[in-house]
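Trainee: Provided below are the primary sequence and the corresponding predicted coordinates.
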Amino acid sequence: MEDMGRAAEEERAGEASERFARDSHSGFQGQAQEAEQSMRQRDRHGERPLILVVEDDAGTRDSLTELLSARYHVLGASDGQSGVELARERHPDLILLDRFLESGEDGLAVLESLQHDRATESVPVIFLTGDSDEATLERCLELGAVDFVHKPASARELMARINRALRQSEQQQRLQAMAQTDALTGLANFRALSMRLDEEFKRSSRYDYPLSVVVIDLDHLKAINDGMGHEVGNRAILALANLLRTNLREVDFAARFGGDEFVALLPHQTAAEAAVLAERIRTGLRTVKVTRSDGRPAPFGLSVSVGIADHSPAQPRACTDELLRAADAALYEAKREGRDRVVVYGASDLASPKAAQRH
């Protein structure tokens with residue numbers, strides 16, 4: 001049955017390619033061939049990659065869509081503006097962009113719009129062009145296009161270039177994820193936290209909803225490392241990281257800020273609401289048992305100190321640094337009061353310079 005399904009798919013691809021060569025005003029020729037590893041490529045949802053075709057000629061656009069649909073999900077746009085809007089909304093894995101659009105739009109201008117939007121800046125773009133001028137092609141690559149296909153070109157060449165671009169993009173995304181991930185816990189690292197906090201702060205300010213920052217410090221980690229070894233200390237860190245994962249919502253964001261410190265960003269949550277979550281994590285961690293390297297239970301319990309602050313219409317902060325300093329001040333107070341507790345900034349006098357210092 002699997003062989004029959006593959007044969008049927010190849011037959012559909014061949015038929016689409018023939019129609020593409022016959023109907024395309026751009027002069028593409030040939031038929032689609034099985035592309036190496038094309039079906040291994042998957043988008044972020046575990047489905048086939050999504051390709052956006054920005055082409056003003058309806059015949060060419062329809063033929064491209066039919067050709068590519070055997071292996072990919074395909075969207076079509078007839079002009080640059082609608083192409084950019086679709087890219088922002090649907091987050092395609094790759095964009096095929098006509099170099100010159102009949103509406104008078106320059107494909108290079110469309111590419112620049114995509115490159116200057118954080119939502120689309122990393123999407124690979126392949127130009128479809130009849131221009132063989134080297135200076136123009138060099139300009140395309142300088143602006144961020146990953147490749148170009150000359151018209152006329154065979155469907156085999158087009159498919160091969162698409163698959164190469166998808167593989168390269170997947171590899172880059174994997175490397176980028178590694179660069180923004182804490183190696184021990186798998187949570188985001190400081191770099192990723194800084195970028196996400198900036199984004200969430202701007203959204204919170206723009207749409208007038210609260211954003212809470214929760215700073216969590218694993219109590220006595222240095223003593224654990226010194227007395228039991230770093231392997232046991234790492235198990236304690238992992239226990240807290242796993243507890244964060246199981247308690248946060250999908251829209252929340254957690255990062256390991258430093259050796260013993262974690263930060264959670266909670267959009268649409270006031271500091272009081274965030275305190276409920278923090279208390280659940282604090283009490284939950286007290287029930288976790290860490291084992292030593294020989295499998296025996298470690299002779300200590302785990303606890304955390306937590307500081308919380310929010311940015312909201314009722315309590316606006318000037319910038320992300322001010323928001324973090326407020327959460328840090330609350331954490332300092334939690335430690336000063338004896339650790340193993342949750343403190344919300346503003347619930348007591350936490351605004352002194354001493355309280356606002358990093359610890």
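Mentor: Perfect, thanks for sending it. Numbering: from 1, shown residues only.

Trainee: please parse the chain into its domains.
Mentor: As recorded under automatic domain parsing, the domains making up the chain are 2-179, 190-356.

Trainee: distance from stretch 137-150 to the middle of the chain?
Mentor: Relative to its parent chain, stretch 137-150 has a centroid offset of 25 Å by C-alpha atoms, centre = their mean, to the nearest Å.

Trainee: start to end distance for that stretch?
Mentor: End-to-end distance of stretch 137-150 (C-alpha to C-alpha, to the nearest Å): 10 Å.

Trainee: so which bits of it are buried?
Mentor: By 16 or more other C-beta atoms under 10 Å, the buried positions in stretch 137-150 come out as 137, 140, 143-149. Where you see a C-beta, it was placed from the backbone N, CA and C, and this is true even at glycine.

Trainee: one step back: JSON lines for the domains of the chain, including mean pLDDT?
Mentor: Formatted as JSON lines, those follow (pLDDT from 0 to 100):
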{"stretch": "domain 2-179", "mean pLDDT": "77"}
{"stretch": "domain 190-356", "mean pLDDT": "92"}
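
Trainee: elements contacting the longest helix belonging to the chain?
Mentor: For the chain, the helix that runs over the most residues, judged by DSSP state H, is helix 155-179. For helix 155-179, the packing partners by 3 or more C-beta pairs under 8 Å, 6 or more residues apart in numbering; DSSP states H and E come out as helix 2-23, helix 58-68, strand 94-98, strand 125-129, strand 147-150.

Trainee: hang on, the earlier thing: relative to residue 335, which of the buried residues of stretch 137-150 is nearest.
Mentor: residue 144 (47.2 Å; C-beta to C-beta).

Trainee: nearest residue to that closest one other than its sequence neighbours?
Mentor: Leaving out its chain neighbours, the residue that sits closest to residue 144 by C-beta to C-beta, 6 or more residues apart in numbering is residue 115, at 4.8 Å.

Trainee: contact partners for that neighbour?
Mentor: Residue 115 makes contact with 121, 143-144 under the criterion C-beta atoms under 8 Å, 6 or more residues apart in numbering.

Trainee: I'd like the distance between it and residue 59.
Mentor: 29 Å (C-beta to C-beta, to the nearest Å).

Trainee: same thing with residue 73?
Mentor: For residue 73, the distance to residue 59 - C-beta to C-beta - is 21 Å.

Trainee: cool, residue 138 as well?
Mentor: Residue 138 is 30 Å from residue 59, by C-beta to C-beta.

Trainee: could you do residue 298 as well?
Mentor: Taken as C-beta to C-beta, the span from residue 298 to residue 59 is 70 Å.

Trainee: of the two, who's got more company?
Mentor: residue 298 (18 against 14; other C-beta atoms under 10 Å).

Trainee: that one reaches residue 228, doesn't it?
Mentor: Yes. Taking contacts as C-beta atoms under 8 Å, residue 298 lies within contact range of residue 228: 6.0 Å.

Trainee: common neighbours of these two, please.
Mentor: Common neighbours of residue 298 and residue 228 (C-beta under 8 Å, 6+ apart) are residue 292.

Trainee: mind listing what the spatially closest residue to residue 288 that is not a sequence neighbour touches?
Mentor: Excluding the flanking residues, the one nearest residue 288 by C-beta to C-beta, 6+ apart is residue 239, at 4.7 Å. Residue 239 sits next to 285, 288, 290, 302 when contact means C-beta under 8 Å, 6+ apart.

Trainee: pick out the most distant pair among these.
Mentor: Top of the distance list for those (C-beta to C-beta): 285 and 290, 10.2 Å.

Trainee: common neighbours of the two, please.
Mentor: Common neighbours of residue 285 and residue 290 (C-beta under 8 Å, 6+ apart) are 239, 302.

Trainee: all helices of the chain, in order?
Mentor: 2-23, 58-68, 80-90, 107-115, 134-142, 155-179, 190-207, 221-228, 230-247, 271-286, 320-336, 353-356.

Trainee: picking that back up, distance of the residue nearest to residue 144 relative to residue 192?
Mentor: 21 Å.

Trainee: returning to that earlier point: gap between the residue nearest to residue 288 and residue 219?
Mentor: 13 Å.

Trainee: do residue 98 as well
Mentor: Applying C-beta to C-beta to residue 98 and residue 219 gives a distance of 60 Å.

Trainee: looking at these two, which is more packed in?
Mentor: Neighbour count, other C-beta under 10 Å: between residue 98 and residue 219, residue 98 has more, with 27 against 20.

Trainee: give the contact list for the more buried one.
Mentor: 54-57, 107, 127-129.

Trainee: if we go to 10 Å?
Mentor: 26, 53-57, 60-61, 77-80, 83, 105, 107, 110, 127-130, 151 (C-beta atoms under 10 Å, 6 or more residues apart in numbering).
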